[in-house]
Structures are given as C-alpha cells and as structure tokens.
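Engineer: Everything below, folded, please.
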Amino acid sequence: MDSPDQIINKLNTYTDKFYSVLDDFSNSYINYKMYPEYNEHSNIYANNKAIIESLQADVFIATNDVQQNIDTLNGLIDDLNAKINAEKTKNTDLKSKLSQITSSGNGSDLLIGESTDLYKMQRFSNIALAIGIFLILLILFKVYSIPKQPQPQFAV
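Structural biologist: Presented below is the predicted three-dimensional model:
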C-alpha cells in the first residue's frame with residue numbers, strides 16, 4: 001500500500017510527462033497527417049501515441065492503487081466500527097452493573113440497619129424469656145419443695 005504522498009508524487013510526475021508528451025504528440029500528429037508519405041513522421045507519431053498510452057496505463061494503475069487503499073481503509077474502518085460498537089455494548093452493561101452495585105450498597109445499609117433492629121428485639125425477648133424461666137423455676141421449687149420440720153431442742 002503506497003502512502004498518499006507517494007501516489008501524489010506519481011500523479012504529479014505523470015502530469016508533467018503528459019503535458020510534454022502531449023505537445024510532442026500534437027506536433028507529430030500534424031506532421032503525420034500533413035505528410036503521410038514520410039515514415040519518420042509516422043514512427044514519431046506511433047512512438048508518442050505509445051508513450052501517451054503508457055502514461056494512461058500508469059494513471060490507471062495509480063487509480064487502482066488508490067481504490068485498493070480506499071478498500072483497505074474501508075475494511076479497517078468497518079472493523080474499528082464493529083469493535084467500537086462492541087465496546088459501547090460492554091460499556092452499557094458495565095454502567096448498569098455499576099448502578100446496581102451502587103444501589104445495592106445503599107440497600108445493604110438499609111438491610112444492615114433493619115438486621116440490627118431485629119437482633120436487638122430478639123436479644124431483648126431472649127433475655128426476658130430467660131428471666132421468666134428462672135422465675136418460674138424458682139416458684140416451682142418453692143411450691144413443691146418439702147417443708148423443713150423444726151428440730152426439737154433438748155434442754156440440758
């Protein structure tokens with residue numbers, strides 16, 4: 001793939017050659033038509049015509065090179081567009097995940113607060129239940145315990 005500067009230099013060279021060859025061709029064409037019997041004029045005319053056709057072929061090749069460069073660049077641009085679109089899709093997914101994480105962070109603060117409140121209420125009910133069980137056991141032991149009989153005292 002030729003660089004744009006190289007292609008421009010080639011085309012400028014072809015342009016310079018074309019104008020000098022065109023002047024020679026014009027003179028040889030006039031001489032060829034005015035004096036068709038001279039072989040020298042027909043040879044010069046044929047030579048100048050071949051040079052112009054050669055320049056035309058060179059310009060055609062340069063044009064094909066430019067078209068190939070354009071096609072290559074279009075392919076590269078298509079690949080880059082596909083990659084950009086894939087990255088945009090990834091970016092959108094990552095943004096949504098980030099918003100979910102941020103929302104989850106705020107939501108987790110609420111859940112931690114609620115869990116702390118539930119823990120405190122459960123701790124209070126467990127302490128109250130333990131005190132209640134202790135009191136009930138104490139009462140049961142008082143009620144169902146065998147009373148002590150007083151021991152007789154002997155006088156001495």
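Engineer: Only C-alpha atoms from now on, for both contacts and neighbour counts.
Structural biologist: Will do.
Engineer: Please, which helix or strand holds the spatially most central residue of the chain?
Structural biologist: Within the chain, the residue whose C-alpha comes closest to the C-alpha centroid is residue 87; the distance, by C-alpha atoms, centre = their mean, is 2.1 Å. Assigned by DSSP states H and E, residue 87 belongs to helix 39-144.
Engineer: tell me what that helix is packed against?
Structural biologist: Based on contacts counted as 3 or more C-alpha pairs under 8 Å, 6 or more residues apart in numbering; DSSP states H and E, the elements that helix 39-144 packs against are helix 4-34.
Engineer: I'd like the mean pLDDT over the helix it packs on, please.
Structural biologist: Along helix 4-34, the predicted confidence averages to a pLDDT of 88.
Engineer: how far out from the middle of the chain is that helix?
Structural biologist: Between the mean C-alpha location of helix 4-34 and the chain-wide mean there is a distance of 50 Å, by C-alpha atoms, centre = their mean, to the nearest Å.
Engineer: Poorly predicted segments of the chain, please.
Structural biologist: In the predicted model of the chain, residues 1, 103-107, 150-152, 154-156 satisfy pLDDT under 70.
Engineer: For residue 14, list the residues it contacts.
Structural biologist: Contacts for residue 14 (C-alpha atoms under 8 Å, 6 or more residues apart in numbering) come out as 55, 58, 59.
Engineer: Now the buried members of those.
Structural biologist: Neighbour counting by 16 or more other C-alpha atoms under 10 Å classes 55, 59 among these as buried.
Engineer: want to try TSV for the contacts of residue 14, with distance to residue 10 as columns?
Structural biologist: TSV is the format used below for the contacts of residue 14 (distance: C-alpha to C-alpha, whole Å):
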residue	distance to residue 10
55	11
58	9
59	9
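Engineer: so which of the contacts of residue 14 comes closest to residue 8?
Structural biologist: Nearest to residue 8 among the contacts of residue 14, counting by C-alpha to C-alpha, is residue 59 at 11.1 Å.
Engineer: Quickly note the distance from the residue nearest to the centre of the chain to residue 95.
Structural biologist: Here residue 87 is placed at a distance of 12 Å from residue 95 (C-alpha to C-alpha, to the nearest Å).
Engineer: ditto for residue 145
Structural biologist: Here the criterion is C-alpha to C-alpha. By it, residue 145 lies 73 Å from residue 95.
Engineer: More neighbours: which of those two?
Structural biologist: Neighbour tally, residue 145 and residue 95, criterion other C-alpha atoms under 10 Å: the higher count belongs to residue 95, 12 against 9.
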